[in-house]
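*Asks:* got a sequence here, can you build the structure:
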Amino acid sequence: MTFGEKVVDFNKTLHYGGELPDGFDVLNPFFDNEETLTVMTSFYSKFYNDVNHRKFIIGINPSRHGAGVTGVPFTDTKRLESICGIEMKSAHTHEISSVFLYDVIQQYGGPEKFYSEFYINSPFPLAITRRTPRGSLNANYYDEKPLFLAVKKFMIETIKSHIDLGLDTSEVFILGKKNATFIEKLNAENHFFDRLTVLEHPRYIQQYKSKEKQQFIDKYIIALNNKQ
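*Replies:* Presented below is the predicted three-dimensional model:
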């Protein structure tokens, strides 16, 4: 099987059946929208149609406007179509983390080059939402200790499944400093990766450091080009 076929199979069988603390829900885009399966399959067929090993870029968990819709991490429908050449007709989304990451991808050499070397996903690869008086909001797996403890076992098994796709475990790139504190603990317990490189999360950069955006893009590209 190609790397892409393995990813598609993983996504098609992805299911979280554990308990969650009150107020939290999990959204599975592969069950919620039939077209998500179609565009996700097209994406991995286009960019991962080989058996090459790749480095892992690990996020937090998908947002409801990014991979929570497209099924492709850090990819909203705008960049799925404009940069990856895959149209999604049933939804139209804009996600700020996607904006930054695709600026990195373009300056790295484009999606073909980037995705031939890297695989992006999350230790909890489904969207988590929190119910509030204002409606459902995005949540992170580490927002509350009971939430993390509830999903920890699933996260460990998921990281193992990611590695089994064909990942190079000599180095992992972790997006987000708080995310890194949790991944570092999981790695210390399970010895997934030899070296952990931490990068600021795209959302943080877009929201709070937009004037320094190019400096962060350069930081990403230097880190990703480090062939140690």
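
*Asks:* in the host helix or strand of residue 158, which residues are buried?
*Replies:* Using DSSP states H and E, residue 158 sits in helix 145-164. Judged by neighbour count (16 or more other Cβ atoms under 10 Å), helix 145-164 contains these buried residues: 147-148, 150-152, 154-155, 158-159, 162. All C-beta spots, glycine's among them, are computed from the backbone N, C-alpha and C.

*Asks:* what do you get for stretch 172-189?
*Replies:* Buried residues in stretch 172-189 (16+ other Cβ under 10 Å): 172-176, 179-180, 182-183, 186-187.

*Asks:* what is the lowest-mean-pLDDT helix or strand in the chain packed up against?
*Replies:* In the chain, the helix or strand scored least confidently by mean pLDDT, DSSP states H and E is helix 29-32, which has a mean of 83. Helices and strands touching helix 29-32, as assessed by 3 or more Cβ pairs under 8 Å, 6 or more residues apart in numbering; DSSP states H and E, comprise helix 34-47, helix 67-70.

*Asks:* which of the ones you listed is buried the deepest?
*Replies:* helix 67-70 (a mean of 28; mean count of other Cβ atoms under 10 Å).

*Asks:* list the contacts of the helix or strand just after that one.
*Replies:* Beyond helix 67-70 on the C-terminal side, the first helix or strand identified by DSSP H and E is helix 77-82. Around helix 77-82, the neighbours that count as contacts under Cβ atoms under 8 Å, 6 or more residues apart in numbering are 39, 43, 69-70, 72, 86-88, 91-94, 98-99, 102.

*Asks:* list buried residues within these.
*Replies:* Here, 16+ other Cβ under 10 Å leaves 39, 43, 69-70, 72, 86, 88, 91, 93, 98-99, 102 buried among those.

*Asks:* residue contacts, the residue located most distally from the centre of the chain?
*Replies:* Most distant from the centre of the chain: residue 133, at 27.9 Å, with distances by Cα atoms, centre = their mean. Listed by Cβ under 8 Å, 6+ apart, residue 133 has no contact partners.

*Asks:* next, it: phi, psi?
*Replies:* Here is the backbone geometry of residue 133 (degrees, to the nearest 10): phi -60, psi -20.
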